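In: no sequence for this one, just the structure:
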């Protein structure tokens, strides 16, 4: 019977195997065999096709008071198969626009320019830059 112990507080494990266990093929999955390393840096779209919500290219838009609305609209656009990509997502983007309007100090406003929000971090430019980086 095999067993595994962790020595001290180190990162290594010591495994003890029987002769029979050593003679059979290994079932250990190496890091290279995994689809992708979750700690590795990726762009907007992960190797498995899902959206990387931690991507710095989103400028933190996936969190905050409009984070859920943003994720819904962004996911809709990403998975859109329409001839005009995202055309079926208009209601989601409308809800996102309404949410942005509720927080003008955080997301900026067309009526009153904010000195803390420049064009590189506005919600519209974040979305446009994120999509542009994938094309």
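Out: Received it, and whenever you're ready, just let me know what you need. This structure is a prediction, so every number in the text was calculated from the model and none was measured. Numbers count the residues shown, from 1 in each chain.
In: hey, let's count contacts and neighbours off CA atoms from now on
Out: Noted.
In: ok, residues contacting stretch 68-77?
Out: Outside stretch 68-77, the residues that touch it by CA atoms under 8 Å, 6 or more residues apart in numbering are 51, 61-62, 85-86, 88-89, 92-93, 95-96, 99.
In: max pairwise distance over these: which two?
Out: Using CA to CA, those span at most 22.3 Å, a distance reached by 85 and 99.
In: do you have the strands of the protein handy? List them.
Out: 3-6, 13-16 (DSSP state E).
In: which of the ones you listed has the lowest mean pLDDT?
Out: Sorting the strands of the chain by mean pLDDT places strand 3-6 lowest, at a mean of 55.
In: hmm, back to that, who has more neighbours, residue 85 and residue 99?
Out: residue 99 (17 against 13; other CA atoms under 10 Å).
In: ranges for the helices of the chain?
Out: Listed in chain order, the helices of the chain (DSSP state H) span 19-23, 67-78, 90-102, 104-107, 123-132.
In: which residues of the chain score low on pLDDT?
Out: 1-12, 28-40, 109-135 (pLDDT under 70).
In: now with 90, please.
Out: 1-50, 52-64, 82, 86, 104-135 (pLDDT under 90).
In: list only those of the contacts of stretch 68-77 flagged as buried.
Out: 51, 61-62, 86, 89, 92-93, 95-96, 99 (16 or more other CA atoms under 10 Å).
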